[in-house]
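*Asks:* turn this into a model:
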Amino acid sequence: MRTVHLDFHNSSLLENIGAQFDPESFAQRLLEARVESVTCFAKCHHGMIYYYTRLPARHPHLECDLLREQIAACHKVGIKVPIYISLGFDEEMAKLHLDWREVSAEGKLGGSTPLEAGWKKLCLNNDAYLSYVEEQIAELLSLFDVDGFFFDIVHQEECCCANCLASMEEEGYDPEISQERKAFAEKVLLRVKKRLSSFIWERKAASSVFYNAGHIAPGIRSSLKFYSHLEIESLPTGGWGYDHFPIVARYARTLDLPYLGMTGRFHKSWAEYGGYKDPSALEYECLRTIAFGASCSVGDQLLPDGRLDPIAIKLIGDTYETVAKYEPYFQGAKPTSEIGVVMPKPTEKIIDDALAGANRILGQAQYQFDLVDSRCDWSKYSVLLLPDRIELSREPAAKVAEYQQKGGKVLASYHSGLCQGEFPPGWPLEYLGESEFHPDYLMPGKEWQSLGQMPFVMHEPAAEIASESRWPAERWQPLFQRSRRHFSNHFHTPPQGPMGRPGAVCWGAGIYFAHPLFTIYRKHGSPIARKLVLAALKELLPEPLVVSNAPSTAQLLLNYQEREKRYCLHILHYVPERRSQLDLIEDPLPLVDLEIGLRISKPKRVYSLSGKVPAMEYKAGRAWIKIDKMVGRQLIVLEQ
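*Replies:* Residues are numbered from 1 along each chain as shown. As a prediction, this is how the structure comes out:
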């Protein structure tokens, strides 16, 4: 499915809304751009409605029955039209009903202040507001042939409005405790999704439904049954960054729902009139989406007068021409993952530093991996990776033990594996507390001596561990801890010598590092942190699915299509560069003399999407592919 999310937020101050809308031209331009679905607006963040409605918030300067004409024109040419409704933001209702707004624990109204240009946040624990939303849903279902609904801004803060305080008291939550308020907010979201999805599906069972919060995290599991599919909003230059989509996609693809990745055609982010992404960047973002098994969605915006931006729709169309050629090779494709990376508990950060570090280290080494939670099936993974802060409750700890008993290997670091201050039975580790030194050093042992026989600085504090098992690396202490009373040189104190504590511990079922290596790599880019992880993985997974001489900037993603009995190897080489305050892509980059070995059965046929047949030799249980030169992208197909 090739989708456009057509933003359309217009203040009541704007005139001539939809005045130049031409239904036939609108549908034809989308068709020419190979768009199969376009999300159009019923109600925007301003609370304005874009069709002839009996509700009071129709845009005062709406010049045509816009949504009706959009749906009719698109359906005529076979394009679907999911309907957008802004849920958490509604400026019109916020103005009319001050008591519908969220209230913080400090008594501040949610969203922007009276002197700011910005959105006002509504509380979703408000029956009057939700009844208003339901009234609009019912009206839309009665007026139009509805394909689906996209609800936006579906999140709830620690609201302390009168409704929330009363509900918390009634349901046994303590509103004076932040964690209690957060737990209640999650319950509110669950109720909202259940209420609205039930309302829709009772009236039209085939309607798609999605609730957007700008991110997908493990907490979504409790409400998955109220979604028809998932959409990963992730505009790399709009605040999400280039790390966000692959991290979320690696988790979303384990949830057994169809999903799509949403980027944008904007140079920066939403609502950027006259800003256009470089074609190479949009091509990369869409091809990466397909390589992760997701459908494509590109964010655009309709001009207030109802016209499509001609530069934007051409940019999207040119990209979708390429995407259409790749689609037969992603439909029904499943990842060939051999490592499961356990997701951390939610934090204030959208993406945890350790998780981002793990994603980069494994991705740069071309390992095939998923992100998993405790409810995923771990048995299909050869290695389970617990990055830095995956502390376990009793049930997940038992699941880790069961996984290892059945032959699975574990790679853990820092606090990962701890359950109430103790490591799982079978882990030859004793937790003694936190290191007094920051930073300290790590010296690789003989088996890892190829990493270098010098003490390497570790930029984050370690856990103090005792163990009688094998130490592939040992911690060294500095001469003294740098402080105002005593310091030496610019940065930190030189190493003194071994401190008698392990930096790494290896036993039959796993390897543990005392330092938070994944956080170190994310925050400091330390090469030794990556090398240590890869040395450990070489022991735990000596024959990975994919090996290559490709540089760490290349992305190799191997999928399998069961129906077609073929492997599809996606090779991407577009490198984001910090050219301003943004990471930008402007050029696809070449790769030469590539050699890639896939641990699969011998293929019956090998070909590439470019039409050139790559050289292939099968030896030692691997299909070795040789590519003389490629630029930016290549897809290798290996039929079984």
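*Asks:* those strands in the stretch 1-150 of the chain, which residues are they?
*Replies:* Ranges of strands in the stretch 1-150 of the chain, per DSSP state E, counting those that start in this stretch, are 2-7, 37-43, 83-86, 148-152.
*Asks:* which one of these lies nearest to residue 179?
*Replies:* Comparing the strands of the stretch 1-150 of the chain by their distance to residue 179 (Cβ to Cβ), the top pick is strand 148-152, with 26.4 Å. From N, CA and C alone the C-beta is placed, and that goes for glycine too.
*Asks:* give me the packing partners of the following helix or strand past the closest one, helices and strands only.
*Replies:* Beyond strand 148-152 in the direction of the C-terminus, DSSP states H and E gives the next helix or strand as helix 162-171. Based on contacts counted as 3 or more Cβ pairs under 8 Å, 6 or more residues apart in numbering; DSSP states H and E, the elements that helix 162-171 packs against are helix 178-203.
*Asks:* tell me the angle the helix it packs on makes with strand 148-152.
*Replies:* Inter-element angle recorded for helix 178-203 and strand 148-152: 160 degrees (by axes from the mean of the first three to the mean of the last three Cα atoms, to 10 degrees).
*Asks:* follow-up on the earlier one: could the strands of the stretch 1-150 of the chain go into a markdown table alongside mean pLDDT and mean neighbour count?
*Replies:* Converted to a markdown table, the strands of the stretch 1-150 of the chain look like this (pLDDT from 0 to 100; neighbours: other Cβ atoms under 10 Å):
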| stretch | mean pLDDT | mean neighbour count |
| --- | --- | --- |
| strand 2-7 | 98 | 24 |
| strand 37-43 | 98 | 25 |
| strand 83-86 | 98 | 24 |
| strand 148-152 | 98 | 22 |
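*Asks:* got the domain boundaries for this protein?
*Replies:* Under the assignment named as automatic domain parsing, the residue ranges that make up the domains of the chain are 2-331, 337-540, 546-639.
*Asks:* let me see the contact set for the nearest residue to residue 278 once chain neighbours are set aside.
*Replies:* Leaving aside its chain neighbours, residue 278 sits nearest to residue 586 (4.7 Å; criterion: Cβ to Cβ, 6 or more residues apart in numbering). For residue 586, the contact set (Cβ atoms under 8 Å, 6 or more residues apart in numbering) comprises 278, 280, 281, 577, 579.
*Asks:* which of those are buried, as a PyMOL select command?
*Replies:* In PyMOL, the members of the contacts of residue 586 classed as buried (16 or more other Cβ atoms under 10 Å) are selected with the following command:
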select buried, resi 280+281
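*Asks:* of the contacts of residue 586, which pair is most distant in space?
*Replies:* Between all members of the contacts of residue 586, the farthest pair (by Cβ to Cβ) comes out as 280 and 579, at 13.0 Å.
*Asks:* follow-up on the earlier one: so the residue nearest to residue 278: helix, strand or coil?
*Replies:* Assigned state for residue 586: coil (three-state reduction, DSSP: H, G, I helix; E, B strand; the rest coil).
*Asks:* from residue 574, how far off is it?
*Replies:* Distance check for residue 586 against residue 574: by Cβ to Cβ, to the nearest Å, it reads 9 Å.
*Asks:* overlap of the contact sets of these two?
*Replies:* With contacts defined as Cβ under 8 Å, 6+ apart, the residues adjacent to both residue 586 and residue 574 are 280, 281.
*Asks:* what about the longest strand seen in the chain, average pLDDT?
*Replies:* For the chain, the strand reaching the highest residue count under DSSP state E is reported as strand 495-507. Averaging pLDDT along strand 495-507 gives 94.
*Asks:* quick thing: my sequence starts at 614, can you match it?
*Replies:* Got it, first residue is 614 now, which makes that one strand 1108-1120.
*Asks:* buried residues in it?
*Replies:* Neighbour-count burial for strand 1108-1120 flags 1108, 1112, 1114, 1115, 1116, 1117, 1118, 1119, 1120 (criterion: 16+ other Cβ under 10 Å).
*Asks:* low-confidence regions, the stretch 664-813 of the chain specifically.
*Replies:* Residues of the stretch 664-813 of the chain meeting the criterion pLDDT under 70: none.
*Asks:* for residue 1009, give me its contacts.
*Replies:* Taking Cβ under 8 Å, 6+ apart as the test, what residue 1009 contacts is residue 987.
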